[in-house]
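Chemist: Sequence plus predicted model, see below.
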Amino acid sequence: MFVNHLFSPLHASTRSLVKSSVQRNIRSKILEQYNRLEPVIDEVLPKKSSLILVKCHEHINLLTVNNEILFFQHFDGPYYPTLRLLHKYPHAFPRVQVDKGATKRILSGANIMCPGLTSKGARLEEALPANTIVGVFAEGKEHALAIGLTKMSTDDIKNINKDIGVENIHYLNDPLWKSSIES
């Protein structure tokens, strides 16, 4: 998707401090998307911290606090958490688990095929609709290896069991993972 192919830290064009009224709006949109963040939202987006919006080429926006990228967005679409944020708060986001065989391909940017989500070692623990942003975890690993977007519901992933189940949006060692935002 957009981050894998288009993002580079050199593509940042403007940085601006987000006004408190806009910050409240962003915060409420993020909580609407990720209600499991509610107990830790003040840690993730502290009210007294400066929220910086970094606008990048190709209509990618980054939300940063203390020079750490927390969320990214394409056009006015949903906010995606970064893997670093998911690693800090793994239970705050929906998750899927792939089998060991899918790991290498995912880390190369490949989408996650249904069989990699339904085979032995894989897990789809909760019923999720299509177009849900999920953390992609690997069998036997503690931390997520990717952020994805379900292309079909988890029920359809199990029943159809072919084609792309989850689109790989952001993965370990991709350009977003390797980037840093400096003042």
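Modeler: Alright, I've got the coordinates.
Chemist: All the strands of this structure, residue numbers only.
Modeler: 12-17, 51-56, 60-65, 68-74, 80-81, 95-98, 112-113, 133-138, 144-150, 164-171 (DSSP state E).
Chemist: Select, out of those, the one closest to Leu37.
Modeler: Closest approach to Leu37 among those (CB to CB): strand 80-81, 8.8 Å. From N, CA and C alone the C-beta is placed, and that goes for glycine too.
Chemist: what comes into contact with that closest one?
Modeler: For strand 80-81, contacts defined as CB atoms under 8 Å, 6 or more residues apart in numbering pick out 3, 34, 70-73, 93, 133, 135, 147, 169-170.
Chemist: And the average pLDDT for stretch 32-51 is what?
Modeler: The pLDDT scores in stretch 32-51 average 94.
Chemist: can you check stretch 67-83 too?
Modeler: Average pLDDT, stretch 67-83: 94.
Chemist: where does this protein have low pLDDT?
Modeler: 1-12, 180-183 (pLDDT under 70).
Chemist: so where's the longest helix in it?
Modeler: Assignment by DSSP state H gives helix 20-33 as the longest helix of the chain.
Chemist: Which residues belonging to it are considered buried?
Modeler: For helix 20-33, burial by neighbour count (16 or more other CB atoms under 10 Å) applies to 23, 26-27, 30, 33.
Chemist: thinking again about what came up before, could I get the strands of the chain as a markdown table with mean neighbour count?
Modeler: A markdown table is the format used below for these (neighbours: other CB atoms under 10 Å):
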| stretch | mean neighbour count |
| --- | --- |
| strand 12-17 | 12 |
| strand 51-56 | 19 |
| strand 60-65 | 20 |
| strand 68-74 | 20 |
| strand 80-81 | 26 |
| strand 95-98 | 23 |
| strand 112-113 | 22 |
| strand 133-138 | 22 |
| strand 144-150 | 25 |
| strand 164-171 | 23 |
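Chemist: now for those strands, which one comes closest to Ser119?
Modeler: Counting by CB to CB, and looking across all of the strands of the chain, nearest comes strand 95-98 at 8.6 Å.
Chemist: so who does the nearest residue to Ile164 once chain neighbours are set aside touch?
Modeler: Excluding its sequence neighbours, the residue lying closest to Ile164 (CB to CB, 6 or more residues apart in numbering) is Asn111, at 4.6 Å. The contact partners of Asn111, taken as CB under 8 Å, 6+ apart, are 148, 151, 164, 166-168.
Chemist: same check, this time on Ile41
Modeler: Per CB under 8 Å, 6+ apart, neighbours of Ile41: 27, 30-31.
Chemist: In the contacts of Asn111, find the pair that's most separated.
Modeler: Longest span within the contacts of Asn111, CB to CB: Lys151 and Asn168, 10.7 Å.
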